[in-house]
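Peer 1: build me a structure from this.
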Amino acid sequence: MSAPFRTDRVRLIVFLNGKPGLSKEDFSHYWRTVHGDLFRSPDIVKVIKYEQGHANDEFFVGPRRMGLPVAEWDGLMILDGESYEKLFAVFASEEYAQKVASDKVNFIDRPKCQILPLDLATLLEGRVEARGRAVHL
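Peer 2: Got it, this is the predicted structure:
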């Protein structure tokens, strides 16, 4: 039996690269601290979850050595919301434009950003392996 798409949330993934000339470390620090604080500040930002995924360059060494392709992104922004309309309302608001969007030029290579809207089908939730035994959360 296939899992139905969730009706309680949607997800946006935004693929990001740092601004040319900005080190990955500086990109990661700025995004996590300065921009992260800015994103959380406007009243319009009403999302279920906001996460940042920062590329782990140490992991890429092995796959690159084996000739395997790796993603060339510096990070992912992951936003969960009740609907696409509510998520895009955040980006369309004047408050967001003034407080948050205007800061992107400081650390993001905006023309290279890509967005992926996702409908979610949850196939397994709340089970992790802990020392050889399944734990249900």
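Peer 1: can you show me the strands along the chain?
Peer 2: Applying DSSP state E to the chain gives strands spanning 10-16, 49-54, 75-81, 114-119, 127-130, 133-136.
Peer 1: lowest average pLDDT across the ones you listed?
Peer 2: Per-stretch mean pLDDT for the strands of the chain is lowest at strand 133-136 (a mean of 60).
Peer 1: the residue nearest the centre of the chain and V128, how far apart?
Peer 2: In the chain, the centroid-proximal residue (C-alpha atoms, centre = their mean) is M77; its distance is 1.7 Å. Per C-beta to C-beta, to the nearest Å, M77 is found 25 Å from V128. (Each C-beta comes from the backbone N, C-alpha and C, glycine too.)
Peer 1: before we move on, the earlier item: tell me what the residue nearest to the centre of the chain is bridged to.
Peer 2: Legend: beta-bridge partners of M77 under DSSP bridges are V14, Q52.
Peer 1: wait, what's in contact with it?
Peer 2: Applying C-beta atoms under 8 Å, 6 or more residues apart in numbering to M77 gives the contacts L12, I13, V14, L16, Y50, E51, Q52, G53.
Peer 1: nearest to S28, of the strands of the chain?
Peer 2: Across the strands of the chain, S28 has its closest neighbour in strand 49-54 (4.9 Å, C-beta to C-beta).
Peer 1: residues touching that closest one, excluding its own?
Peer 2: 28, 31-32, 36, 39-40, 74-80.
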